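In: The sequence and its predicted three-dimensional model are supplied below.
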Amino acid sequence: SGSAEAGTTVRVYTTNDCSGAPTASGSAATFGGAGLSVTVANDSTTTFKATATDGAGNTSACSTGISYAEDSIDPTSAITFPVAATTYTTATWADFAGTASDAAGSGLQRVELSIRRDSDGQYWNGSSFSAGSEDWRTATATASWAYAFAVSNFPADGDYTVRVRAVDNAGNAEAASARTFTVDRGAPNTTVDSGPNDPSNDPNPGFVFSANEGSVTFQCEIDGGGWGACTSPKSYTGLTEASHTFEVRATDGAGNTDPTPASQTWTIDLTDPASAFTFPAAGGSYNTAGWSDIGGTASDTGGSGLLRVEVSVRRVSTGNYWDGGAFDSGAEQWHTASGTGTWSLAFAASSFPSDGDYAVRVRAVDDAGNTQTPVSRSFTVDTVAPDTTIGSGPTGPTADDDADFAFSADQPGATFQCRLDGGTWG
């Protein structure tokens, strides 16, 4: 369509100089109104020119040309980000992006995309995933397009699908292509399920650990020595006597690493504690008045601390041990003393069934389970007074003012005191 002098006949040509047969012709009125119909080939570009001829046969010069592009081919587009079937974290996410082209010649007009949350089928509407039907959003640029989309726009981790289509200037819209991907921003949580006792006397500890996500990998570290790949269970050998800290962290398939590693701190104590007697004295002999509770001291230098002190008491003549009520046990019976650093075991003199030799053994146990080799001490119980006998002396009356006496006792090792005429013992 166009304009021409009224009453003229308009002829339309596809040649540069308006030569040859016209493609279409008609009145100036038709040309200026509905226009003259022409036929062009599919997916082609044609330049049209026209002349006008009046009733006297005068023909105008060939007009300037107008190009017309016929485009019935859909444009194409491709997604470069995200990658199909890939999982993204906060750190690895980027804007949606891709390329597009239009081979037929009308040119790209725009690129559109829709984003769907697969868990509920809702589409992104520009501010949230709340559109029930597909919502097309226009990307920035065309041949190399992008759509800004912050990772915080995803309301939750999970699967999402993006669809993209290009539209050309002829109105052709391609069939959308789709790509599904996964958002995983949550780091796994790591747990130490089992490890050594605290304190412990085992220099070769083992640890069992897990995470709240499947398909994770682990890294372990001991005493800040550096992270290294590990699997559960994890064992260490030859650790020294000291406080130690084990740490483990999980990383999921998306690359999220637990920011708060699980840890266990414990003390290794490889040194036996020590104990000593303060009563009875080694080789001591005790009567009822001189007897006291069994007692002593103990210490632990390995760092875990004293747990308890144990005492056994044996009657030498029978080999039987005190069982808490009598000397009736053929096997050694250990009794827990009161206190640790300073300890005592209440034991009345009346608990001894008879005079004679007895042996007491003591051992200290620390919190790591280290047990001292027992320390022994023997003593004698003698509660019966000796019977004293004068074997010889002066016979009276006598004129001798010097007197000699011979005397003895019925118990060996007895000592004697003498006095004369009710004087002082000495």
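Out: Looks like it arrived, so ask away.

In: can we go C-alpha only for contacts and neighbour counts from here?
Out: Will do.

In: Which parts of the stretch 1-150 of the chain are strands?
Out: 9-13, 24-27, 45-53, 66-69, 76-81, 87-88, 96-101, 108-117, 122-124, 129-131, 137-138, 144-147 (DSSP state E, counting those that start in this stretch).

In: now the ones you listed as CSV including distance to H335?
Out: CSV is the format used below for the strands of the stretch 1-150 of the chain (distance: least, CA to CA, whole Å):
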stretch, distance to H335
strand 9-13, 123
strand 24-27, 124
strand 45-53, 109
strand 66-69, 107
strand 76-81, 75
strand 87-88, 64
strand 96-101, 76
strand 108-117, 70
strand 122-124, 74
strand 129-131, 73
strand 137-138, 83
strand 144-147, 80
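
In: Tell me which of the ones you listed sits nearest to G391.
Out: Ranking these by proximity to G391 (CA to CA) places strand 87-88 first, at 111.0 Å.

In: List the buried residues of stretch 198-214.
Out: Neighbour counts over stretch 198-214 (16 or more other CA atoms under 10 Å) mark 198-203, 205, 207, 209-211 as buried.

In: what do you get for stretch 393-400?
Out: Going by 16+ other CA under 10 Å, stretch 393-400 has no buried residues at all.

In: contacting residues around that stretch?
Out: Stretch 393-400 is contacted by residues 403-406 when judged by CA atoms under 8 Å, 6 or more residues apart in numbering.

In: rerun at 6 Å
Out: 403-405 (CA atoms under 6 Å, 6 or more residues apart in numbering).

In: export that stretch as CSV, just CAs?
Out: Coordinates of each C-alpha in stretch 393-400 appear next as CSV, following Å, rounded to 0.1, in the frame of the first residue of the first chain:
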residue,chain,number,x,y,z
GLY,A,393,65.1,-64.3,144.3
PRO,A,394,66.3,-64.0,147.9
THR,A,395,64.7,-66.2,150.5
GLY,A,396,63.7,-64.5,153.7
PRO,A,397,64.4,-63.4,156.2
THR,A,398,67.9,-62.6,155.2
ALA,A,399,70.7,-60.4,156.5
ASP,A,400,71.9,-59.6,153.0
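
In: Could you give the separation of it from the chain centroid?
Out: 103 Å (CA atoms, centre = their mean, to the nearest Å).

In: and if you look at stretch 109-125?
Out: Worked out by CA atoms, centre = their mean, stretch 109-125 lies 36 Å from the chain centre.

In: With stretch 178-187 instead?
Out: Relative to the centre of its chain, stretch 178-187 is centred 22 Å away, using CA atoms, centre = their mean.

In: Now do that stretch, average pLDDT.
Out: Stretch 178-187 shows a mean pLDDT of 97.

In: go on, stretch 86-100?
Out: The model assigns stretch 86-100 a mean pLDDT of 96.

In: Ok, stretch 246-258 next?
Out: Averaging pLDDT residue by residue across stretch 246-258 gives 96.

In: the helices in the chain, which residues?
Out: With DSSP state H, the ranges of helices along the chain come out as 28-32.

In: so where is it shaky, pLDDT-wise?
Out: For the chain, no stretch has pLDDT under 70.

In: What's the local residue count around the closest residue to E213 other than its chain neighbours?
Out: Nearest residue to E213 in three dimensions, chain neighbours excluded: P188, at 5.9 Å (CA to CA, 6 or more residues apart in numbering). Neighbourhood size, P188 [other CA atoms under 10 Å]: 23.

In: separation between P188 and S215?
Out: 10 Å (CA to CA, to the nearest Å).

In: quick one: which two of the buried residues of stretch 198-214 are the most distant?
Out: The widest separation within the buried residues of stretch 198-214 (CA to CA) is 28.4 Å, between N201 and A211.

In: V313 touches V360, doesn't it?
Out: Yes: V313 is in contact with V360 according to CA atoms under 6 Å; the separation is 4.5 Å.

In: Between those two, which has more neighbouring residues?
Out: Just comparing V313 and V360: by other CA under 10 Å the higher neighbour count belongs to V313, 26 against 20.

In: so what's that one up against?
Out: Listed by CA under 6 Å, 6+ apart, the contact partners of V313 are 321-322, 359-360.

In: Make TSV out of those and add distance to N58.
Out: Conversion of the contacts of V313 to TSV gives the following (distance: CA to CA, whole Å):
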residue	distance to N58
Y321	147
W322	146
A359	149
V360	146
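
In: D95: which of the residues you listed is nearest?
Out: Looking across the contacts of V313 and measuring by CA to CA, the closest to D95 is V360, at 82.0 Å.

In: Bridged to that closest one, which residues?
Out: For V360, the beta-bridge partners are V313, R377 (DSSP bridges).

In: Just confirm it contacts R377, I think it does.
Out: Yes: at 5.4 Å, V360 counts as touching R377 under the criterion of CA under 6 Å.
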